[in-house]
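Participant: coords please:
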Amino acid sequence: MIHRYFPLVLGILVICLFIPTVVQACPSCNFINDPIMRGFNWSILFLMAMPFTVVGLIGGSVFYTYKRANNTDFQKHHSDTD
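Facilitator: Reported below is the predicted structural model:
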């Protein structure tokens, strides 16, 4: 089955490599200096960064709370034994 479509797929890939306008990343990259396109690109970057920011804040707060709780337990334990 793979041998049947291999020449076709190889031909399409070769054509795409020699005609770079066919495999362009996005149509809005042609108008990169347009203010609307710059705003659109920034909004995509913010949307991509937001999950990492939220997970980092939640993870940081859990880590901080855990360290703070262990620090107070450690201080209580040493103050009781003195």
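Participant: now residue 35: phi and psi?
Facilitator: Dihedral pair for residue 35: phi -60, psi -30, per degrees, to the nearest 10.
Participant: how about residue 34?
Facilitator: Backbone torsions of residue 34, given as degrees, to the nearest 10, read phi -70, psi 130.
Participant: residues near it, how many?
Facilitator: Residue 34 has 11 neighbours, counted by other Cβ atoms under 10 Å. (C-beta placed from N, C-alpha, C; glycine too.)
Participant: list the contacts for it?
Facilitator: By Cβ atoms under 8 Å, 6 or more residues apart in numbering, no residues touch residue 34.
Participant: what ranges does this protein have for its helices?
Facilitator: Applying DSSP state H to the chain gives helices spanning 2-18, 35-81.
Participant: pLDDT weak spots in this protein?
Facilitator: Applying pLDDT under 70 to the chain picks out residues 1-2, 20-32, 72-82.
Participant: including mean neighbour count, could the helices of the chain go into a markdown table?
Facilitator: Formatted as a markdown table, the helices of the chain follow (neighbours: other Cβ atoms under 10 Å):
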| stretch | mean neighbour count |
| --- | --- |
| helix 2-18 | 9 |
| helix 35-81 | 10 |
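Participant: any idea how far residue 71 is from residue 60?
Facilitator: Separation of residue 60 from residue 71 (Cβ to Cβ, to the nearest Å): 16 Å.
Participant: hang on, I meant residue 40
Facilitator: For residue 40, the distance to residue 71 - Cβ to Cβ - is 46 Å.
Participant: and residue 39, by the same measure?
Facilitator: Residue 39 sits 45 Å away from residue 71, going by Cβ to Cβ.
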